[in-house]
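Peer 1: model this:
(one chain, ligands or ions: 2)
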Amino acid sequence: MPSFGQVDQRLESKLKDLYKLHKERSAKIDWSYHEFLPLVRKARLPDIPNDPQQAWDRRDVFESNVLALDPTFQRKLTPEIYLAVETAILTEVNLPWFTTELHNTFKGSLQVLVDFVRTWTSEEDQHGVLLDTYLLLTDNGDAWQRHKNRKLVTEGGFETGLQTPLETMVYTSIQERATMVFYLNVAQACESMDAGLARVLRRLARDETLHYTFYRDVTKAHLEMNPNLVEMVTEVMLKFEMPGVGMPDYAHRMDIISKHAHYGPAEFYTQVIDELMKYWDIRNLQPTYPKAREAQLKALQHHERLGRIAQRQMRERQKLTAPSLEEVMDESNWHVSNEGKNGQARRLTVDSNGHVAEAR
Ligand SMILES: [Fe+2]
Ligand SMILES: [Fe+2]
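Peer 2: Ligands and ions are numbered 1, 2, ... in the order given. Below you'll find the model as predicted:
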């Protein structure tokens, strides 16, 4: 349905506003991966002169000569948590292929979307690097095997097969949200064994939240303009598979992660699909095409069935809920410290009434 997946040119200024908002938010929480590594200072930071050019040179000296690996920071993760983090790396390394696909489907639509893909790529670029370097410096897992897996996955390439910008944006809304929930849930699972890794995962989840928000809101704007697009949304949602589906032992990895790292089918439905169904207000859309009305019904039935499955699974576990965008933007929730290892994010919990509180 190519005509159903094209960007509505009337939304150009709305999309520009969303991109501007994204840039503002991401600039406020900008970070570099070295801040999250177990490094210590070897010497005091020299005084930085007022001249901006000189200041940069001095900072450069600081980064290369004054930081060193903290010798006390040797953490051992359980094999299950290690597997979860390696799986995240093998998902993030699909970035070149993801960028290719997004760029290919966006070009020829609106320049603002091409601009967004470039910004998005620059932000995603350090996710896999941070996770991999963290595992390397904390001596977790087999670096050589990880290299082989990374190479295998990257060489295998990745394509969703989706052809149009809107289809790709629905897919990416789901994928970004799923990745965000995955990071937050694994962070909770590893907090007691490695608070530094939990902090890393929460930081990545922050970026994924902003990405998710952009794609989700572009899709929402299109659904408001044309509710018949529910047909396209349903089709993408029902066929959704994560980009890592082709990695070695994917099913085994998912099984272990579901049992030991708080992320499985139940979380996918309750924290990803349910959230999107509500945000896009699929239930109350008023499509006029019979095929679109059929698709809407199909989406609602699918959602209810998945909800029942999730409910059964969730009864056995403590339910986690991801923070809202406002909570993500609130610096005090994340406490990003320039000191590196000493900064620890607060844990947020949500009670059965949906109230967010700080975990004790
Ligand atoms: Fe990412
Ligand atoms: Fe992302």
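Peer 1: neighbours around the residue of the chain found nearest ligand 2, how many?
Peer 2: Relative to ligand 2, the nearest point of the chain is residue 211 (3.7 Å; C-beta to the ion). No exception for glycine: its C-beta is placed from N, CA and C like everyone else's. Residue 211 has 23 neighbours, counted by other C-beta atoms under 10 Å.
Peer 1: mind listing what it touches?
Peer 2: 120, 123-124, 172, 176 (C-beta atoms under 8 Å, 6 or more residues apart in numbering).
Peer 1: ok, and which of those reach ligand 1?
Peer 2: residue 124 (C-beta under 5 Å from the ion).
Peer 1: of all the contacts of residue 211, which two lie farthest apart?
Peer 2: Pairwise distances across the contacts of residue 211 peak at 13.3 Å for 123 and 172 (criterion: C-beta to C-beta).
Peer 1: higher neighbour count, these two?
Peer 2: Using other C-beta under 10 Å as the criterion, residue 123 and residue 172 rank with residue 172 on top: 26 against 17.
Peer 1: three-state assignment of the more buried one?
Peer 2: helix (DSSP: H, G, I helix; E, B strand; the rest coil).
Peer 1: show me the contacts for the closest residue to ligand 1 within the stretch 101-250 of the chain.
Peer 2: Using C-beta to the ion, the single residue of the stretch 101-250 of the chain nearest to ligand 1 is residue 127, 3.8 Å away. Contact analysis of residue 127 by C-beta under 8 Å, 6+ apart lists 92, 95, 204, 207.
Peer 1: how does it look with 7 Å?
Peer 2: If you count contacts by C-beta atoms under 7 Å, 6 or more residues apart in numbering, residue 127 has them with 92, 204.
Peer 1: so residue 40, which of the three states?
Peer 2: Under three-state DSSP, residue 40 falls in the strand class.
Peer 1: excluding residues flanking it in the chain, which one is nearest residue 230?
Peer 2: residue 296 (4.8 Å; C-beta to C-beta, 6 or more residues apart in numbering).
Peer 1: then residue 156?
Peer 2: residue 246 (5.4 Å).
Peer 1: which of the contacts of residue 211 fall in helices?
Peer 2: Among these, the ones falling in helices (DSSP state H) are 120, 123-124, 172, 176.
Peer 1: flag every residue of this protein that's near ligand 2.
Peer 2: Contact residues (C-beta under 5 Å from the ion) of the chain with ligand 2: 176, 208, 211.
Peer 1: redo those as CSV? Include pLDDT.
Peer 2: Formatted as CSV, the residues of the chain next to ligand 2 follow (pLDDT from 0 to 100):
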residue, pLDDT
176, 97
208, 97
211, 97
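Peer 1: which of these sits closest to residue 34?
Peer 2: Proximity of the residues of the chain next to ligand 2 to residue 34 (C-beta to C-beta) peaks at residue 208, which lies at 20.1 Å.
Peer 1: I'd say the closest one and residue 176 touch.
Peer 2: Yes: Residue 208 lies in contact with residue 176 (C-beta atoms under 7 Å); the separation is 5.2 Å.
Peer 1: need the contact list for residue 314.
Peer 2: Counting by C-beta under 7 Å, 6+ apart, residue 314 has contacts 266, 270.
Peer 1: tell me where the protein is predicted with low confidence.
Peer 2: For the chain, the stretches with pLDDT under 70 are 1-3, 42-66, 74, 316-324, 327, 331-360.
Peer 1: would you tell me which helix is longest in it?
Peer 2: Max-length helix for the chain by DSSP H is helix 195-225.
Peer 1: give me the distance from that one to the chain's centre.
Peer 2: Offset of helix 195-225 from its chain centre (C-alpha atoms, centre = their mean, to the nearest Å): 6 Å.
Peer 1: buried residues, that helix. List them.
Peer 2: Judged by neighbour count using 16 or more other C-beta atoms under 10 Å, the buried positions of helix 195-225 are 195-223.
Peer 1: does it come close to ligand 1?
Peer 2: No: Helix 195-225 lies apart from ligand 1 when judged by C-beta under 5 Å from the ion; the minimum separation is 5.6 Å.
Peer 1: could you identify the helix or strand that succeeds that helix?
Peer 2: Downstream of helix 195-225, the next assigned helix or strand under DSSP states H and E is helix 230-239.
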